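[1] For reference, the sequence and a predicted model appear below.
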Amino acid sequence: MLLQLDKISAFYGRTQILRDIDFAVPKGSCVCVLGRNGMGKTTLLRTIMGLVDKMTGTMSMGGEDLSGARTDERAKHGLGYIPQGRQILGKFTVRENILLGTFAKPGRDGTIPEICLELFPYLRENLNRRAGELSGGQQQQLAIARALAVDPQLLLLDEPTEGIQPNIVAEIGETLAMLNKKMGISMILTEQHIKVARQLGDHFVMMDNGRIVESGPIAELTDEMVDRHMTV
Amino acid sequence: MANALILGISIASIFLVAAIGLTIIYGTAGVINMAHGEFIMLGAYATYAMQTYFGLPYFLCIPCAFVIVGAIGFVIEKLLIQYLYHRPLDTLLATWGVSLVLIQGTRLTFGSDPKYIQMPGFLSSNIELGGVSLAAFRIFVILAALALIALVWFVFYKTDFGIKVRAVTQNREMAAAFGINSKQVYSFTFAFGAGLAGVAGALFGVLNIVLPTMGTGYVVQAFLIVVTGGGALMGSAIASIATGEMQSIFAMLLNDSFARFLIFILIVVFLRFRPQGLISAGGSRR
């Protein structure tokens, strides 16, 4: 297993959000985290990144225990994070945003990895543009490029298609499929679009009230499960 | 009027040199550092000590002041400030306490009598500039202010450290998620700001006598510049030029005390309508 979570609970202040999560990501696979809003999907990714106030349980990556590691140390173990709402640094240029990702890259040489610009030619043509001026879809491309600059073993994608134009959603889906299937980058993907999840995922976990209530290969994700756990 | 404008530039350069270290510490880490004036004082004493006890030439004493005060700032950040980020009132009180300790510590070490820093001979003459006779050292301070602005700009916009500092200022979580240790960045930023205050001390120790209490006067002016400028480097530069020029012009038209009074009033009115200052440093500091 690339990533293994055992009995993970997570807290914001005194409020417990995740309860006894057991979760694993096989190397090269894409695991979709599904569930309604507020069920703990984003917190699960933030917990893996070390961005919650308190975490109990154990987390290991490639066999190395990262349970007590700081966020910056976890990132340096090959975690590429694409957060909800993208959170690109609006005052930075496109170039600086991508360079930010390289600080977590082992053997950093201070240059932008070619793959980031190869995948997104628009970014290459606008390296000196302020990132805050980009459209939502372009910012999402930038967020993916920034995470790729880490040279990640595992990408954590938090609703990457949220608020994106439908034609760009398909484009982003294709890019993610290529990264996972052709380049072998493992992924954890939280998604509301069940179609995107079915297209990209190898496995799924369904979350409800901070717990994993269903899991298995994506082929076993039934419409009944979707209706029960995702329909508002 | 031309005389007043040239003198205004000289005053502005002093304001800017005093404020630049505080701009970095406040603008990036959000720390209201009440000990900034004492860092300036320590820079003056470091220069005096290097010159008197080690016989170093003045121009070598300036980088020494940067390193010595920067190191002191680093230690203070590690021992105290790092526990107080995002608690502005506690930071304010703690750094005020630090300022008192530094004043008394300096008094115990060097005594209360004034010290003097020798400047190089060629800086002790006067130079005619646009019909105004200006001390060569004041022109040196103007050049030093420009050099410090260039240095800070280079460090912040052309180095990895600068990218880290600006990333942490904009979004600490995202910076950490991409491998940046924000605690370390804050420590070095505080040390850098303290070191720049040390350079200010090396310059001001020549303009005035060196005393343990000399920093008190500078810290007020530095805070006015930083708050008016909004915590951004360019904001501080503009605020320094504006207040320096106004002080010079008002002093020419009225008198020096009334000029200061008017500037304080104008700054209060300005902040009433634009509390974020001229150019907001604007980090979310999450």
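    Thanks, I have it.
[2] Next, count neighbours for B:N208.
    14 (other C-beta atoms under 10 Å in any protein chain shown). C-betas here are computed from N, CA, C, even on glycine.
[3] per-residue confidence for it?
    Per-residue pLDDT puts B:N208 at 90.
[4] Might you report the residue contacts of it?
    B:M214 (C-beta atoms under 8 Å, 6 or more residues apart in numbering or on different chains).
[5] Quick check: residues of chain A near chain B?
    Counting by C-beta under 8 Å from any C-beta of the partner chain, the residues of chain A close to chain B are A:49-51, A:70-72, A:75-76, A:79, A:81, A:83, A:87, A:89-92, A:96, A:99-101, A:103-105, A:110, A:146, A:150.
[6] among those, which are in helices?
    Using DSSP state H, the members of these that fall in helices are A:49, A:71-72, A:75, A:96, A:99-101, A:146.
[7] What sits closest to whichever residue of chain A sits closest to chain B if chain neighbours are left out?
    Shortest chain A-to-chain B distance, computed as C-beta to the nearest C-beta: residue-wise this is A:A104, at 3.0 Å. Nearest non-adjacent residue to A:A104, counting by C-beta to C-beta, 6 or more residues apart in numbering or on different chains: B:G179, 3.0 Å away.
[8] Looks like that neighbour contacts A:V150 (just checking).
    Yes - using C-beta atoms under 8 Å, B:G179 is in contact with A:V150, at 7.5 Å.
[9] quick one, which of those two is more surrounded?
    A:V150 (28 against 24).
[10] So which residues of chain A form strands?
    Secondary structure of chain A (DSSP state E): strands located at A:3-12, A:15-25, A:30-34, A:54-61, A:64-65, A:79-82, A:154-158, A:186-190, A:203-208, A:211-217.
[11] Mean neighbour count, the ones you listed: which tops it?
    Mean neighbour count (mean count of other C-beta atoms under 10 Å in any protein chain shown) peaks for strand A:79-82 among the strands of chain A, with a mean of 28.
[12] For it, give the mean pLDDT please.
    Per-residue scores along strand A:79-82 average to 96.
[13] From the contact counts, what lies against it?
    In terms of contacts (3 or more C-beta pairs under 8 Å, 6 or more residues apart in numbering or on different chains; DSSP states H and E), strand A:79-82 is packed against helix A:41-49, helix A:136-148, strand A:154-158.
[14] can you redo these as TSV with mean pLDDT?
    Below are the helices and strands packed on strand A:79-82 laid out as TSV (pLDDT from 0 to 100):
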stretch	mean pLDDT
helix A:41-49	96
helix A:136-148	94
strand A:154-158	96
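[15] could the ones you listed be laid out in CSV, adding distance to B:F192?
    Formatted as CSV, the helices and strands packed on strand A:79-82 follow (distance: least, C-beta to C-beta, whole Å):
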stretch, distance to B:F192
helix A:41-49, 28
helix A:136-148, 26
strand A:154-158, 33
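[16] wait, isn't the residue of chain A closest to chain B in contact with A:R70?
    No - judged on C-beta under 8 Å, A:A104 makes no contact with A:R70 at a distance of 12.0 Å.
[17] which SS class is the residue in the stretch 151-286 of chain B that chain A sits nearest to?
    As assessed by C-beta to the nearest C-beta, chain A sits closest to B:G179 within the stretch 151-286 of chain B, at 3.0 Å. Classification of B:G179 by DSSP: H, G, I helix; E, B strand; the rest coil places it in coil.
[18] B:D256 versus that one, what's the distance?
    52 Å (C-beta to C-beta, to the nearest Å).
[19] just the buried members of the residues of chain A next to chain B?
    For the residues of chain A next to chain B, a burial check counting by 16 or more other C-beta atoms under 10 Å in any protein chain shown picks out A:49-51, A:71-72, A:75-76, A:79, A:81, A:83, A:87, A:89-92, A:96, A:99-101, A:103-105, A:146, A:150.
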